[in-house]
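Enquirer: coordinates for the following, if possible.
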Amino acid sequence: MPAFPSYYHAPAPVIVAPPVVAAPPVQPSLNSGYWYFCPDYRIYYPYVLECPSGWLAVVPGTPGPTN
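Expert: Coordinates of the predicted model:
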């Protein structure tokens, strides 16, 4: 017989997070008054239809991003 009591250790709880549902990418509008630049591909919409990092709105007639 042990000299000390044995203790019960319950297993750690399992937490299940709900799945993350991403919204489809929003396509820029040609009638918004802005041009849309994709820094990933370094080109403007509509020459590329998707931009993984998101679109940058550029006022027409101003220098575009140079990065």
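Enquirer: quickly find the element holding the closest residue to Trp55 other than its chain neighbours.
Expert: Spatial nearest neighbour of Trp55, excluding adjacent residues (C-beta to C-beta, 6 or more residues apart in numbering): Tyr36 at 4.2 Å. To be clear about C-beta, it is placed using only N, CA and C from the backbone, and glycine gets the same treatment. In this assignment (DSSP states H and E), Tyr36 forms part of strand 35-38.
Enquirer: quick check: next helix or strand after that strand?
Expert: Using DSSP H and E, the helix or strand that directly follows strand 35-38 along the chain is strand 43-44.
Enquirer: how near is Asn31 to Cys51?
Expert: 19 Å (C-beta to C-beta, to the nearest Å).
Enquirer: ok, Gln27 next?
Expert: Gln27 sits 10 Å away from Cys51, going by C-beta to C-beta.
Enquirer: overlap of the contact sets of these two?
Expert: Residues touching both Gln27 and Cys51 (C-beta atoms under 8 Å, 6 or more residues apart in numbering) are Tyr45.
Enquirer: could you pull up the residues touching the residue nearest to Trp55?
Expert: Pro28, Tyr44, Tyr45, Cys51, Trp55, Leu56, Ala57, Val58.
Enquirer: so who does the third one touch?
Expert: The neighbours of Tyr45, taking C-beta under 8 Å, 6+ apart as the test, are Gln27, Pro28, Leu30, Trp35, Tyr36, Phe37, Cys38, Cys51, Trp55.
Enquirer: what are the contacting residues of stretch 46-60?
Expert: Applying C-beta under 8 Å, 6+ apart, the set of residues contacting stretch 46-60 is 25, 27-28, 30, 32-41, 44-45, 64-65.
Enquirer: of those, buried ones?
Expert: Among the contacts of stretch 46-60, those classed as buried by 16 or more other C-beta atoms under 10 Å are Pro28, Tyr34, Trp35, Tyr36, Phe37, Cys38, Tyr44, Tyr45.
Enquirer: pick out the residue nearest the middle of the chain.
Expert: Nearest to the mean C-alpha position of the chain, counting by C-alpha atoms, centre = their mean, stands Ser53 at 7.1 Å.
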